[in-house]
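K.L.:
Give me coordinates for this.
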Amino acid sequence: MISRIFLLFGSLFVFVSGTAQEESSLVTPLKEDTTVHTWVAQMPVFDGCDPMDANAYTCTLKEMTKYLFSAIRYPQESMARNQGGIAQVGVVIDKQGRIKTARIEESSGVAELDAEALRVIKAMPKWKPGVDNGQAVLVAMTIPVNFRPEAYRRE
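P.N.:
Next up, the predicted model:
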């Protein structure tokens, strides 16, 4: 009789512990996709542009150029020395359209201009995020920031 009770409790213990393991595997948290893409079906577009428009890329270039021109505060030392150049800024645009990271990929050759390029890129308004397979994704892009002293002279 006692052996039957032990057998019954032993079977019940194995069943309960097996069920608990099954249930805990069902509540595994979803891992966030942190893959950074370089090309997706719908690339990020600048604020004010329609990602579904055939001219989304052209609109992005136009609106981003307007933003950069209005936001850049040309460093006085660089202006006085007539220094210019193009800073290539690598960015990652997150799933909400924010600039997640920004770094100089290719220097303009002038430290003050590179610093200003990073400042204006980090201060950009939100983009419309890149989309792949119907989901917003992280997208890496390179944004050229062109510094031409003659374009910024206020005479």
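K.L.:
mind listing the helices in the protein by residue range?
P.N.:
Residue ranges of the helices in the chain, as given by DSSP state H, are 2-26, 56-71, 76-80, 111-122, 149-152.
K.L.:
What residues sit buried inside the strand ranked longest in the chain?
P.N.:
Assignment by DSSP state E gives strand 135-147 as the longest strand of the chain. Applying a neighbour-count criterion of 16 or more other C-beta atoms under 10 Å, the buried positions in strand 135-147 are 136-139, 141, 143, 145-147. Placement of C-beta: from N, CA and C, glycine included.
K.L.:
Please list all residues in contact with the spatially most central residue of the chain.
P.N.:
By C-alpha atoms, centre = their mean, the chain has its centre lying nearest to Ile93, at 1.9 Å. By C-beta atoms under 8 Å, 6 or more residues apart in numbering, the contact set of Ile93 is 44, 99-100, 127, 129-130, 138-139, 141.
K.L.:
With respect to Ala117, which of the residues you listed is nearest?
P.N.:
Checking those against Ala117 with C-beta to C-beta, the nearest one is Ile99 at 12.4 Å.
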